[in-house]
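>>> would you be able to build a 3D model of this:
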Amino acid sequence: MPITLDKVPIDKNFRALLIGPTGRGKTIAAASWPGKTLVIDFDHRHKPIIDWFPDRLGEISVEVIYPSNYWDVFKPLVDSLESGKLKFDNVVVDGITTLSNTTVVMQMIAKGQGPEKGKITKGGVAVPSWDEFNGEAMLITQLLETLKSIRCNLFVTAHPVSKTRIEGTKSIKETSIISFGTKLGPMIPAYFDEVYAFDYEFDINAGKPVKRLVFTSPTSDYPDVKTALKGLPPKLDITGKNLYDVMKEYL
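A predicted model of the protein is given here:
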C-alpha cells in the first residue's frame, strides 16, 4: 500500500560517486567524512589518508582487495556489511574502475588458460571474452544493489578511461569509468544522487597545478555530474581543505 511522503523515513546518509583522474584527491575527499570508516581498497592508494588524517587512523580501516582474495575476503566483507555484522559510518569503494579490472582478472584466473578455456592471442595469452564482460556487469551490479541497503555514508571513486568504439567504418573516441565491458559504465551514475568530478586548475606559466576543484554540475568533460543538494555551488575549491569541511553546511 503506497504511503504519503510525510510518513516516509528520511535517509540522511550521503552517497556519492567521485570521478577524476588519478591523484586528484578523490580518496582523501571520501575519507574526510567523520566517523568510523572502511576503505575497500582496489587501487592500493590509501597511503595519502595517513598523511592527511594522522589523528583519525584509529577509526579508519583498510581492506586491500586483489583478484586472488576476491571470493575469500571481498565477498564475505560485503556480506557482513549487508547483514549488519560489520557497521561503519562511512564505506569507501576505492575505486570501481579497478574493481572492474579485478573482477575480469579474477574470472580469468578461475577459468584458467588454454585453447579449451577461451580466447587466446597468437602469443599464447588468454584474453577476456563476452563471458567475462557479462560476469563483470552482473557482479558489480549486484554489489551496487547490495550497497544501496547499507545504512551508512557511501563513497565510490572512479577513473575515466579512454576507449575507442567501432561503429561500421568509424572509430569513435569516448571515455568510461569501466575498463572493459560497455554495459556497466553508463549505469553506475544512476545509483547516486551525488556525482562529482575532481580536477586541477593549472597555472600554465608556473607549469603546475595551483587549485584542487570539485565540480558538482555537468561539464563538457563530465556530463554525468549532478547533485541533489539544494544551494550547493557548481564548483568547489578544496585546495588544502577537506571536502567534508567545505560541504557540511549544505548536508
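>>> only C-alpha atoms for contact and neighbour calcs from this point on.
Fine.
>>> and the helices in the stretch 1-150 of the chain?
Using DSSP state H, counting those that start in this stretch, the helices found in the stretch 1-150 of the chain span residues 26-31, 47-52, 75-83, 96-111, 130-148.
>>> contacts for the third one, please.
By Cα atoms under 8 Å, 6 or more residues apart in numbering, the list of residues contacting helix 75-83 from outside reads Leu86, Lys87, Leu143, Thr146, Leu147, Ser149, Ile150.
>>> I'd like the mean pLDDT over that helix, please.
Averaged across helix 75-83, pLDDT comes to 94.
>>> the second one too?
The predicted model gives helix 47-52 an average pLDDT of 94.
>>> would you pull up how far that helix lies from the middle of the chain?
18 Å (Cα atoms, centre = their mean, to the nearest Å).
>>> how about Asp94: which residues does it bridge to?
Here Asp94 sits in beta bridges with Asp41, as judged by DSSP bridges.
>>> residue contacts, it?
Applying Cα under 8 Å, 6+ apart, we find Asp94 in contact with Thr27, Val39, Ile40, Asp41, Phe42, Asp43, Val156, Thr157, Ala158.
>>> biggest separation within those, which pair?
Val39 and Ala158 (14.1 Å; Cα to Cα).
>>> can you give me the strands in the protein?
Listed in chain order, the strands of the chain (DSSP state E) span 15-19, 37-41, 60-64, 90-94, 153-158, 161-167, 170-176, 194-203, 208-215, 235-237.
>>> can you tell me which of those the model trusts least?
With a mean of 66, strand 161-167 has the lowest mean pLDDT of the strands of the chain.
>>> just the contacts of helix 75-83 now: which is nearest Asn101?
Comparing every one of those with Asn101 (Cα to Cα), the shortest separation belongs to Leu143, at 14.8 Å.
>>> I figured Asp203 hits Val210, correct?
Yes. Counting by Cα atoms under 8 Å, Asp203 does reach Val210; the two are 6.1 Å apart.
>>> between these two, what contacts are shared?
Residues touching both Asp203 and Val210 (Cα under 8 Å, 6+ apart): there are none.
>>> name the residues that touch stretch 12-31?
Taking Cα under 8 Å, 6+ apart as the rule, stretch 12-31 contacts 37, 46, 48-49, 52, 92, 94, 151-160, 177, 189, 192-200, 212, 242-244.
>>> identify whichever of the strands of the chain lies nearest to Leu229.
Here strand 194-203 is closest among the strands of the chain (Cα to Cα), at 8.1 Å.
>>> and that closest one, what does it pack onto?
Packed against strand 194-203 by the contact rule (3 or more Cα pairs under 8 Å, 6 or more residues apart in numbering; DSSP states H and E) you find strand 15-19, strand 208-215.
>>> flag every buried residue along the longest one.
The one in question is strand 208-215. Arg212, Leu213, Val214, Phe215 (16 or more other Cα atoms under 10 Å).
>>> who's in contact with Thr141?
With Cα under 8 Å, 6+ apart, Thr141 has these contacts: Leu184.
>>> before we move on, back to that, want to try TSV for the strands of the chain, with distance to Met108 as columns?
Below are these laid out as TSV (distance: least, Cα to Cα, whole Å):
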stretch	distance to Met108
strand 15-19	27
strand 37-41	21
strand 60-64	20
strand 90-94	22
strand 153-158	23
strand 161-167	21
strand 170-176	22
strand 194-203	31
strand 208-215	36
strand 235-237	41
